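Q: this is a predicted model, with the sequence first.
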Amino acid sequence: QRTTNLILGEEDCLEDLDVELEPLLREVAKGVREMYPKKLTYEQAEARFRQDYGPEEPFPLLESEEQVMARVYRWMFQVVREAIEEYRLECRENKARRGGTRLYPVFA
């Protein structure tokens, strides 16, 4: 949401627009490092997490660079699939209106 505000340059922009939050475009999950000061090593943050939450509590999600990129690629493919589907729908509607087959390339 903050990124949307920065791009549009208005604090109240979300009130006027239908903005969907996309989970695949979230920030990198840094596990226990997100909960504690950055000066702690990951091992120190894990130890502090165990102190604070006990031995049974699962650690927060920690993503590798590969996992993040795979997530972003999934979003990109989803956008392309949606664009192709919209294009096909538009072609069918145009064909029905014209009574013939006329296709126009969208992706070059």
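A: Received the coordinates, thanks. Numbering: from 1, shown residues only.

Q: mean pLDDT per helix and strand in the protein: which one sits at the bottom?
A: Using mean pLDDT, DSSP states H and E, helix 13-16 stands out as the lowest-scoring helix or strand of the chain, at a mean of 60.

Q: disregarding residues adjacent in the polypeptide, which is nearest to the residue most central in space within the chain?
A: With the centre of the chain defined as its mean C-alpha position, the nearest residue by CA atoms, centre = their mean is residue 25, 1.7 Å away. Nearest non-adjacent residue to residue 25, counting by CB to CB, 6 or more residues apart in numbering: residue 75, 5.9 Å away. To be clear about C-beta, it is placed using only N, CA and C from the backbone, and glycine gets the same treatment.

Q: so which strand or helix has that neighbour?
A: In this assignment (DSSP states H and E), residue 75 forms part of helix 65-98.

Q: what's the mean pLDDT across that helix?
A: Mean per-residue pLDDT for helix 65-98: 90.

Q: give the buried residues for it.
A: residue 71 (16 or more other CB atoms under 10 Å).

Q: again, but for stretch 39-49
A: For stretch 39-49, by 16+ other CB under 10 Å, it's 45, 46, 49.

Q: distance of the second one from residue 53?
A: Put plainly, it is residue 46. According to CB to CB, to the nearest Å, residue 46 stands 11 Å off from residue 53.

Q: just the buried residues of stretch 39-49: which are in helices?
A: 45, 46, 49 (DSSP state H).

Q: pretty sure the first one sits against residue 30.
A: To tie it back to what came earlier, the one meant is residue 45. No. The criterion here is CB atoms under 8 Å, and residue 45 misses it with residue 30 at 9.3 Å.
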